[in-house]
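Asker: Here's my sequence, what's the structure:
(one chain, ligands or ions: 2)
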Amino acid sequence: MEIVVFGAGSLGSLLGGLLAREHEVTLVGRDPHVRTVAESGLVLSNRVADSVNPDATTDGRGLDADVAVVTVKSYDTEQAARTLETGSFDAVLSLQNGLGNEERLAAHLDCPVLAGTATYGARLVDPGHVECTGVGEIVLGPTEGGASTLADHVAEAFDDAGIRTRVAGDMPRRLWEKLAVNAGINPVTALARVRNGALDGGPIGGVARSAARETARTARAEGVELSDDAALEALETVIETTAENRSSMRQDIETGRRTEVDAVSGAVVDRAADHGLDVPTNETLAGLVRGWERSQGLREESYQ
Ligand SMILES: NC(=O)c1ccc[n+]([C@@H]2O[C@H](COP(=O)([O-])OP(=O)(O)OC[C@H]3O[C@@H](n4cnc5c(N)ncnc54)[C@H](O)[C@@H]3O)[C@@H](O)[C@H]2O)c1
Ligand SMILES: CC(C)(CO)[C@@H](O)C(=O)[O-]
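Answerer: Ligands and ions are numbered 1, 2, ... in the order given. Now for the predicted structure:
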């Protein structure tokens, strides 16, 4: 299978590297990482160790492949979609966190857009070197839910490359459940500078639970059956299984990078507003993280 991985940073390089063991893979990313991969190959380390030689380019325009896997941060999705639009694909799969990525991709692309969640942990160590910090799984399926032979085909390609993958017919619920987890964990750990496991009780855990409950209520207003109990159970499970992790949003803040708050807490606020729902915890967390981003010059004043 010919696969383009658009967004060769941490997750994209890990999955693209694994896929390159079985398929023809082109990584789309930025220098110096892309130049190093093109010249010397890609090293995978830690929980998965290998050396592979995918193609790599900084120019994602006009590419033609069976599947394009999108692994840019959510705030880069629109630009990625406009670039992918110049190419030709049988399917596009988003493995990003946050809400709205699939809709943005579908607005520009004629091919089916599959939704996916990734619980692998990846960190780009150096140009040409990505480490797998946690072996998880990929769950993918049609964005709108239901069965899909296309999803089966893509999942088989991932599985053939040794990536734990399964197909699900309830991606809307799964995306909202993952959003509840991210809305509960990411901004709270980022602002409090604590590891995920610190949210397993006390007042700080109460903030995370409140954000997750608000997300579940918003999901139901959107017609997605996600109960408070299911959202809280998912939150507690991830807090426990990733207790030692620094969340991605905490890593972004501690390294002075823009965060994905708009696609997480901000998305809950926006969708809740569409239904006249108040989500004060998500609104507060979004305001605090955006205020930090603005203080760092990471977002325009014009942003909400
Ligand atoms: N890293 C993980 O362990 C992990 C796990 C699960 C989900 N995710 C999600 O996956 C997504 C990617 O996360 P990440 O940690 O890999 O981020 P990252 O910043 O490491 O990787 C994204 C890469 O895309 C590149 N990029 C963006 N726009 C581009 C363009 N137009 N052309 C070429 N390159 C472009 C960036 O330069 C960057 O290297 C996020 O939504 C994140 O929440 C990450
Ligand atoms: C599940 C998660 C919150 C674990 O840290 C991860 O999605 C992250 O860090 O964004």
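
Asker: Would you mind listing what in this structure touches ligand 1?
Answerer: Residues of the chain lying close to ligand 1 by C-beta under 6 Å from any ligand atom are 7, 9-12, 28-30, 60, 71-74, 76, 79-80, 83, 95-97, 118, 121-122, 124, 248, 260. From N, CA and C alone the C-beta is placed, and that goes for glycine too.

Asker: which residues in the stretch 101-250 of the chain form strands?
Answerer: Ranges of strands in the stretch 101-250 of the chain, per DSSP state E, counting those that start in this stretch, are 113-118, 121-126, 129-134, 138-142, 165-167.

Asker: so where's this structure shaky on pLDDT?
Answerer: Within the chain, the segments meeting pLDDT under 70 span 301-304.

Asker: what residues are up against the closest residue to ligand 1 within it?
Answerer: Nearest to ligand 1, among the residues of the chain, is Gly9, at 1.8 Å (C-beta to the nearest ligand atom). By C-beta atoms under 8 Å, 6 or more residues apart in numbering, Gly9 lies in contact with Gly29, His33, Thr71, Val72, Lys73, Leu124.

Asker: Now do the residue lying closest to the fifth one once chain neighbours are set aside: how many residues are near it, please.
Answerer: The spatial neighbour of Lys73 that comes closest, neighbours along the chain excluded (C-beta to C-beta, 6 or more residues apart in numbering), is Glu260 at 5.8 Å. By the measure other C-beta atoms under 10 Å, the count of residues near Glu260 is 24.

Asker: go on, Gly62?
Answerer: Neighbour tally, Gly62, other C-beta under 10 Å: 9.

Asker: so it sits in a strand?
Answerer: No. Counting by DSSP: H, G, I helix; E, B strand; the rest coil, Gly62 is not part of a strand but coil.

Asker: For Gly116, list the residues it contacts.
Answerer: So Gly116 contacts Leu93, Ser94, Leu95, Ile138, Val139, Leu140, Gly141, Met171 (C-beta under 8 Å, 6+ apart).

Asker: From what I see, the fourth one and Ala161 are in contact.
Answerer: No. Between Ile138 and Ala161 there is no contact, the gap being 10.6 Å when judged by C-beta atoms under 8 Å.

Asker: Give me the nearest residue to the most centrally placed residue in the chain, chain neighbours excluded.
Answerer: With the centre of the chain defined as its mean C-alpha position, the nearest residue by C-alpha atoms, centre = their mean is Gln96, 2.2 Å away. Counting by C-beta to C-beta, 6+ apart, Ser74 is the residue found nearest to Gln96 once chain neighbours are left out, at 5.5 Å.

Asker: What of Phe6?
Answerer: Spatial nearest neighbour of Phe6, excluding adjacent residues (C-beta to C-beta, 6+ apart): Val28 at 4.6 Å.

Asker: Just list whatever residues bridge to the one you found.
Answerer: Here Val28 sits in beta bridges with Phe6, Thr57, going by DSSP bridges.

Asker: Roughly how far does it sit from Gly287?
Answerer: Noted for Val28: a distance of 34 Å to Gly287, by C-beta to C-beta, to the nearest Å.

Asker: before we move on, what about Asp262?
Answerer: Counting by C-beta to C-beta - Asp262 and Gly287 are separated by 12 Å.
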